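S.K.: with the input below, show me the fold.
(one chain, ligands or ions: 4)
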Amino acid sequence: MTASSALPLSRERAVGIEAVLRASRLCQAVFARLAQAQTVTKADLSPVTVADYGAQAVVNALLHAEFPSDPIVGEEDAADLRADARLAASVVELTNSVQPAGAAAMSSDDVLAAIDLGQYAGGKTGRFWTLDPIDGTKGFLRGEQYAVCLALVVDGVVQLAVQGCPNLPHDLAHPEEGRGSLFIAVRGQGAFERHFDSADERRISVSGVSSASETQFCESVEAAHSSQSDTAQIADRLGITRPPVRMDSQCKYAVIARGDAGIYLRVPTRADYQEKIWDHAGGSLLVEEAGGSICDVTGKPLDFSLGRTLKGNKGIIATNGRIHARVVEAVRSVLRL
Ligand SMILES: Nc1ncnc2c1ncn2[C@@H]1O[C@H](COP(=O)(O)OS(=O)(=O)O)[C@@H](OP(=O)(O)O)[C@H]1O
Ligand SMILES: [Mg+2]
Ligand SMILES: [Mg+2]
Ligand SMILES: [Mg+2]
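M.R.: Ligands and ions are numbered 1, 2, ... in the order given. Okay, here's the model as predicted:
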C-alpha cells in the first residue's frame, strides 16, 4: 500500500477520477459528432442530450460496481429513454464505447437501470454520491464550457469532489496551449488539478488578492440563471472595473479554486428557484479546499443535507476568502437583504 492510498477516501477518489474521465471522454466523443446528436427538452424546458444520459450511465455503473450500497443523487432519469427506443439505442452504444477493453457489454436494460440509480432523495444521514453528468448542457451544445461533476456527501457534508472540465483551457490567457482538466478535492487534503492527458497532479489555490476591486468576477452565461443586472450593480459597488468572466457550469468554481478570478456570483432571478445539490456540491468543496469561502447571497453556509435541492439557501457567493466579508456585504446591500 502506498502512503497516499492510506489517506481517507483514497479508493473513492480513485474510482471517482476513473468514472469522471470515462464520462468526459464520452461527452467529447458526442460533441465530435454533435451534428447528429439528439437533444430532448425536459419538462423544465432545459435541454438534455444523449451525452447527459450516457455520462450518467457510465458514472453510476462504475460507482455501483465499486460501492454497491452507496445511493446516488443524479440529475437525469431514464423515463424519456424508455419511451424512445432510438434515443435509448444511441445511449447504450455510447455507454459501451467507453467501457474498458474486455468488459462485458451493457444491455439496454443495464444502461437504463444504471441511469435510474440516480433517483435517491439525499438527506442528512449516511453517505451518498451526487452527480451532474453534464453541468452546463447549454455550454456543451455551444462548444463552450461544461463539466462532469461528481461529489460524495457524508452526513450532509461534502467530503470529495471530482470535476471534469473537458474544454477548460489549462491557462485562460493561452487557450491555444491546451484544454481539458480534472479538478479533485478531498476535505482536509487540499484541491488539485490534473490535465486530461497526464496523471500528474498539482495543488491549486485561490487568488491572493486582498481587495475586491482588483479582481474579476464569474457568472453564468445564461441570464435566466443569475441576475446580470444585479451582479453589475454589485461589481460597481465593489469598484470592479474589469468585465465579468461569463462561463457555463461549475467550471466557474474551478476558475475560482485555481485563482484565475476572485469571485463567483449567482444571484437568483426567481424567488421560487431551488438550486440543485449536484450544481454546487463538488464546486463548493473545490473552492474551500483551495482556500476560498462559499455561502449563499444572505451569507448563510450551503446546506447539502436537505434533499436533492439547496432549499435552505438562495443563490451563491464564492470568493478567494480574503475578500469574502466585503463581497457578502455588497451583495446584501444591493439585494437589500
Ligand atoms: N432559473 C435558474 N436559476 C439558476 N440555475 C438554474 C435555473 N434553471 C436552471 N438552472 C441550473 O443552471 C445550471 C447551469 O448553470 P450555469 O451557471 O452553468 O448556467 S449556464 O450554463 O450559464 O446556463 C443548470 O445545470 P445543467 O442542467 O446541468 O446544465 C441548471 O441546473
Ligand atoms: Mg440539466
Ligand atoms: Mg447542472
Ligand atoms: Mg446537467
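
S.K.: make it CA atoms for all contacts and neighbour counts henceforth
M.R.: Will do.

S.K.: for the closest residue to ligand 1 within the stretch 151-300 of the chain, give me phi and psi.
M.R.: Closest residue of the stretch 151-300 of the chain to ligand 1, CA to the nearest ligand atom: residue 249 (3.0 Å). Dihedral pair for residue 249: phi 80, psi -180, per degrees, to the nearest 10.

S.K.: OK, contacts around it?
M.R.: Residues near residue 249 by CA atoms under 8 Å, 6 or more residues apart in numbering: 135-136, 139, 145-147, 220, 279.

S.K.: contacts with ligand 1 among these, please.
M.R.: When contact is defined as CA under 6 Å from any ligand atom, the contacts of residue 249 meet ligand 1 at 135-136, 139, 220.

S.K.: returning to that earlier point: which of the contacts of residue 249 has the most neighbours?
M.R.: residue 147 (32 neighbours; other CA atoms under 10 Å).

S.K.: next, the spatially closest residue to that one that is not a sequence neighbour: secondary structure please.
M.R.: Spatial nearest neighbour of residue 147, excluding adjacent residues (CA to CA, 6 or more residues apart in numbering): residue 165 at 4.6 Å. Here residue 165 is recorded as strand under DSSP: H, G, I helix; E, B strand; the rest coil.

S.K.: quick one, what contacts residue 165?
M.R.: Contacts of residue 165 by CA under 8 Å, 6+ apart are 24, 145-148, 180-183, 251.

S.K.: what about those residues, which are in strands?
M.R.: Secondary structure from DSSP state E places 147-148, 180-183 of the contacts of residue 165 in strands.

S.K.: tell me the pLDDT at the residue in the stretch 101-250 of the chain positioned nearest to ligand 3?
M.R.: As assessed by CA to the ion, ligand 3 sits closest to residue 135 within the stretch 101-250 of the chain, at 3.7 Å. You'll see residue 135 listed with a pLDDT of 98.

S.K.: residue 71: neighbour count?
M.R.: So residue 71, with other CA under 10 Å, has 21 neighbours.

S.K.: wait, what's in contact with it?
M.R.: Residue 71 touches 117-118, 120, 127-129, counting by CA under 8 Å, 6+ apart.

S.K.: out of the residues you listed, give me the two with the largest separation.
M.R.: Pairwise distances across the contacts of residue 71 peak at 14.7 Å for 117 and 127 (criterion: CA to CA).

S.K.: setting aside sequence neighbours, what's the nearest residue to residue 22?
M.R.: residue 98 (6.0 Å).

S.K.: look at the one you found and report its pLDDT.
M.R.: Residue 98 is given a pLDDT of 93.

S.K.: of all of the stretch 151-300 of the chain, which residue lies closest to ligand 4?
M.R.: residue 279 (7.7 Å).

S.K.: surely that residue touches residue 250?
M.R.: Yes. Judged on CA atoms under 8 Å, residue 279 makes contact with residue 250 at a distance of 6.9 Å.

S.K.: ok, so what distance separates residue 46 from ligand 3?
M.R.: 10 Å (CA to the ion, to the nearest Å).

S.K.: give me the pLDDT value at that residue.
M.R.: 76.

S.K.: equivalent analysis for residue 1, please.
M.R.: 42.

S.K.: residue 167 now?
M.R.: pLDDT, read off for residue 167, is 98.

S.K.: same deal with residue 286?
M.R.: 99.

S.K.: sec struct for residue 73, please.
M.R.: Assignment for residue 73 (three-state DSSP): strand.

S.K.: go ahead and confirm it touches residue 123.
M.R.: No. Assessed by CA under 8 Å, residue 73 is found out of contact with residue 123, at 10.1 Å.

S.K.: more neighbours: the two, which one.
M.R.: Using other CA under 10 Å, the more surrounded residue of residue 73 and residue 123 is residue 73, with 25 against 18.
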